[in-house]
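>>> Okay, here's the prediction I keep looking at, along with the sequence it came from:
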Amino acid sequence: MRRWLIGLGMLGILSGCVTNLAITTPEKKPETTPAPTPTPTSMATPNPFAGRLLANLTFQNAQPGDALKVGLKYRAPGATNFVQSSITTTSDTAGNASFSNLADGDYQVVYDDGGSIANFGFNVPGIVVSDPITVTASQSQEASQSLELAWDFLSPIPQPGANLQSRSVDFSWSSKNGVSNPLYQVAIFQNADIKLAPLQTSQPSTDTAITLNLSDNVTTGTRYYVVRYWKNGGSFGGASYYGTTRPIPIVIPAQ
C-alpha cells in the first residue's frame, strides 16, 4: 500500500514537470531582398568630327610649297556680323590647315601676310578671305573650305615705286584667281597700314582698268594703293569672300 502511494506521488511530480516544460521555437530570421543587378550604362562615343574645320590653301591650283599662317573670322549663331577670331594655325607645305574644338557657328578662313609691301612688278595678295562655312558639334564629317591665294603674274599699273606725272591716274590689274566676276576697287592710303580708312576709293566695278582723278585728300609724297575685290552682291569685309593686294607704293605729284 505504501509503495503504491509513493509510486503515485512520484508520478504526480513527474507529470507536473512535463506540464510546466516550455517548448521553444527557433527564431525566424527576416528574409532579405536581393539587391537588383545594375543595368550597364552605355558610354556615348565622342563625335570625331565635332568642331573640326580643314582649310585647303592653293596657289594657282597647286600646293603653296610653304607653311603659311592661317586665321579665322567667326559669326556666332544668330549674329549678323563676323568678328576676327584669335584662333590661328599654320598649314603644312601642301596648304592643309586644321582647326579643332571650334564653337558652333560660321567661319571664314583668313590669310593675311602681315602687311608686307609690294616691291616687285606683279600682283600679290595681302589679305584673302573665304566664303563662310558652318561648323557644329554634331556635324557628320569634317567641315572644309578652300582658299586660292594666287593673283595672276601681271604687273599692276602703276607699278611699285612709280613717280606719277599726273593726278589723273590710270590703274589696271589682272583678274583675281579662284573667284568669278567679283567687284574691284582701288583704295589709296596715307601709309602702308591698309586697315585704316583710305584717303580715296574708286567706284566698285567688274572692270580691271579704271582712270581715277586724285582728290585733294591725296597729298604730295609717297602714298600706297591697293586693289580690293569682293563677291558681287556682297561687300568688302563682309560675310562672303573678299581680299586685297599688298599695299603698292607710288609717288604723288604736287597739285
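All right, it came through fine. In this text the structure is predicted, and so the values were computed from the model without any measurement.
>>> Every contact and neighbour count from this point should use C-alpha atoms.
OK.
>>> Tell me which stretches of the protein form helices.
Using DSSP state H, the helices of the chain run over 2-20.
>>> so where's this protein shaky on pLDDT?
1-31, 40-42, 121-123, 153-154 (pLDDT under 70).
>>> mind running it again at 90?
Residue ranges of the chain with pLDDT under 90: 1-46, 60-61, 114-116, 118-125, 151-156, 195, 254-255.
>>> any idea which strand is longest in it?
Counting by DSSP state E, the longest strand found in the chain is strand 221-230.
>>> what lines up beside that strand in the sheet?
Strand 221-230 sits in its sheet next to strand 183-189 (antiparallel), strand 242-245 (antiparallel), strand 248-252 (antiparallel), going by DSSP bridges.
>>> quick one, which of these is nearest to Gln141?
strand 242-245 (26.4 Å; C-alpha to C-alpha).
>>> What sits closest to Thr58 if chain neighbours are left out?
Nearest residue to Thr58 in three dimensions, chain neighbours excluded: Glu148, at 4.9 Å (C-alpha to C-alpha, 6 or more residues apart in numbering).
>>> just checking, the one you found touches Gln63?
No - counting by C-alpha atoms under 8 Å, Glu148 sits too far from Gln63 to count as a contact (10.1 Å).
>>> quick one: which of these two has more around it?
When Glu148 and Gln63 are compared on other C-alpha atoms under 10 Å, the one with more neighbours turns out to be Glu148, at 21 against 15.
>>> what's the spacing between the more buried one and Ser205?
Distance, Glu148 to Ser205, using C-alpha to C-alpha, to the nearest Å: 21 Å.
>>> And for Val129?
In this view, Val129 and Ser205 are 19 Å apart by C-alpha to C-alpha.
>>> Looking at the two, which one has more neighbours?
Taking other C-alpha under 10 Å, Val129 and Ser205 do not tie; Val129 has more neighbours (26 against 16).
>>> who's in contact with Thr201?
Thr201 makes contacts with Gln185, Val186, Ala187, Ile188, as judged by C-alpha atoms under 8 Å, 6 or more residues apart in numbering.
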